[in-house]
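J.: The following comprises the amino acid sequence and a computationally predicted model.
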Amino acid sequence: MTALWLLVALCGCTNGAAVAVPWVEAPVEVALDGLMVNRTTTFAVPVSNTGTARAVVRAVAAGDFAVPEDSQLSIRPGATGELAVLVTPPSYAPFDSVLVVTTAVQELEVYLLAEVTTDADGDGFEAVGAGGVDCDDGDAEIHPDGVEVWYDGVDQDCDGADDNDQDGDGWPVPDDCDDLDASVFPGATEVADGVDQDCNGVVDDGVPPDSGLLIIEIMRESAVPAGASGRWIELHNPTKVDASLDGIEVRIGTGITELADSGSVAAGGSLVLCVETNMAVNGGVPCDAELEDYASNTAIAVQNEAGVVFDEVDPSGWPNVAGASLELRADRFDVDANDAQTAWCYALTSYGSNADNLGTPGSTAPSCP
């Protein structure tokens, strides 16, 4: 009897009388493009009932396609319904599957073909997973040319850098107390410049008080007076903070001059040390402190009481021009650069009470080129 009723259903007749039969049609193939990796897209497959009875339609999909659970259509004769199908691409490679559509009397197969876009956000950069350089293909503001917004947890320019480490020193905020300066971070070497390099909350702690003092001018033999009374040197503090002279010494040959009583050297200022401090005797040099007598061709060093040298200049083998001081060139203001003879020049400007004395005591601007 079952076989007989199936035959009747297929032919639509019984004893010469018409029998209502559902009959559906669906596309042979559905092609999808512009899909995004790991993002679920819902699309519709049209199903038309060309039969004479209401059709109850169900579908099953395989692979990366799916039909919502308990999903079915009831389509009246002459009408078209839509089957909802879900697709979730697992990668950028094209893939396909088959959607099986069934009714009480039919089974149809719809071939499903899916292609994934490599630039889903349309920013002109292909996704990393597709061999490109866009680290977020779902946001058009994110790509290698994107403008980085720091500290928002988003890598707008796809450089992979820590979003909380703007200066790239390996220390993110809040541990880094200045995230715009790569030389400032916990454990950095402290420098006497008014900046808390090591982020311990204390500025310039543990820095030797004279770490910024620089020898910039040496008068070995003035024209008038001749001899020791006309000798002087000038020290300069190029840092941004005052340099304390507590525990600081100037060593010339075997002579030691302690500077503790001289207080400090202001940031950007200088200190003139004279063998003779009386301006009426020394040729008109304004002196800040007294200096031990020294031979005209002797090494000069700035050091602490333990003998740690911070700057040293040895002009002993250099030519001596009587009456003209040795001035450090403006582009050589550095404790290493001032070691070389080429870093120095002979003064061209007179000072004090005698025009034959050339130098710029108390000034940080050399008169020679």
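T.: All right, it came through fine.

J.: Tell me who's in contact with Gln197.
T.: Taking C-beta atoms under 8 Å, 6 or more residues apart in numbering, we find Gln197 in contact with 183-185, 188-191. C-beta here means a position set from N, CA and C on the backbone, and glycine is covered the same way.

J.: Check pLDDT for the residues you listed and point me to the minimum.
T.: Ranked by pLDDT, the contacts of Gln197 bottom out at Val191, which scores 78.

J.: Three-state assignment for that one, please.
T.: Under DSSP: H, G, I helix; E, B strand; the rest coil, Val191 falls in the coil class.

J.: Please determine how far it is located from Ser183.
T.: Val191 sits 8 Å away from Ser183, going by C-beta to C-beta, to the nearest Å.

J.: that older thread, adding neighbour count and distance to Glu109, write the contacts of Gln197 out as TSV.
T.: As requested, these are arranged in TSV below (neighbours: other C-beta atoms under 10 Å; distance: C-beta to C-beta, whole Å):
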residue	neighbour count	distance to Glu109
Ser183	12	69
Val184	19	68
Phe185	21	65
Ala188	21	69
Thr189	9	74
Glu190	17	76
Val191	17	77
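
J.: so which pair among those residues is furthest apart in space?
T.: Spanning the widest gap among the contacts of Gln197 are Phe185 and Val191, at 13.2 Å by C-beta to C-beta.

J.: Tell me the one of the contacts of Gln197 nearest Asn200?
T.: Out of the contacts of Gln197, the member with the shortest distance to Asn200 (by C-beta to C-beta) is Glu190, at 8.5 Å.

J.: thinking the closest one is in contact with Val184, fair?
T.: No - in this structure, Glu190 is not within contact of Val184 by C-beta atoms under 8 Å, at 10.1 Å.

J.: anything in contact with each of these two?
T.: Residues within reach of Glu190 and of Val184 at once, by C-beta under 8 Å, 6+ apart, are 196-197.

J.: Is Leu32 located within a strand, as I assumed?
T.: Yes - counting by three-state DSSP, Leu32 is part of a strand.

J.: Begin at 23 from now on, thanks
T.: Sure, I'll start numbering at 23, so the last one becomes Leu54.

J.: Identify the residue spatially nearest to it, adjacent ones excluded.
T.: Leaving aside its sequence neighbours, Leu54 sits nearest to Ala136 (C-beta to C-beta, 6 or more residues apart in numbering; 4.7 Å).

J.: The host helix or strand of the one you found: partners in the sheet, and parallel or antiparallel?
T.: Ala136 belongs to strand 129-138 when elements are defined using DSSP states H and E. Using DSSP bridges, the strands paired with strand 129-138 are strand 51-57 (parallel), strand 117-124 (antiparallel).

J.: Quick check: buried residues in it?
T.: For strand 129-138, burial by neighbour count (16 or more other C-beta atoms under 10 Å) applies to 130, 132, 134, 136-138.

J.: Just name the most buried of the strands paired with strand 129-138.
T.: strand 117-124 (a mean of 17; mean count of other C-beta atoms under 10 Å).

J.: could the contacts of Gln219 go into TSV alongside distance to Gly168?
T.: Below are those laid out as TSV (distance: C-beta to C-beta, whole Å):
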residue	distance to Gly168
Ser205	27
Val206	27
Phe207	26
Ala210	30
Thr211	35
Glu212	37
Val213	35
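
J.: which one of those residues is nearest Ala289?
T.: For the contacts of Gln219, the nearest to Ala289 is Val213 (13.3 Å; C-beta to C-beta).

J.: Could you list the low-confidence segments of the stretch 173-322 of the chain?
T.: For the stretch 173-322 of the chain, the stretches with pLDDT under 70 are 214, 228-234.

J.: go again using 50 as the cut-off
T.: 232 (pLDDT under 50).

J.: same thing with the stretch 23-172 of the chain?
T.: In the stretch 23-172 of the chain, residues with pLDDT under 50: 23-36.

J.: where do the helices sit along this protein?
T.: Listed in chain order, the helices of the chain (DSSP state H) span 24-33, 301-304.

J.: Show residues contacting stretch 75-86.
T.: Residues outside stretch 75-86 that contact it (C-beta under 8 Å, 6+ apart) are 42-46, 67, 69, 71, 89, 93-99, 103, 105, 107, 109-112, 117-126, 134, 136.

J.: can you rerun that using 6 Å?
T.: Stretch 75-86 is contacted from outside by 42-44, 46, 69, 71, 89, 94-98, 105, 107, 110, 112, 119, 121-125, using C-beta atoms under 6 Å, 6 or more residues apart in numbering.

J.: Would you mind writing the PyMOL command to select the buried ones in these?
T.: Applying 16+ other C-beta under 10 Å to the contacts of stretch 75-86 leaves a buried subset, and the PyMOL line that selects it is:
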select buried, resi 43+44+46+69+71+89+95+97+105+107+110+119+121+123+125
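
J.: In strands, which of the contacts of stretch 75-86 fall?
T.: 46, 69, 71, 94-97, 105, 107, 119, 121-124 (DSSP state E).
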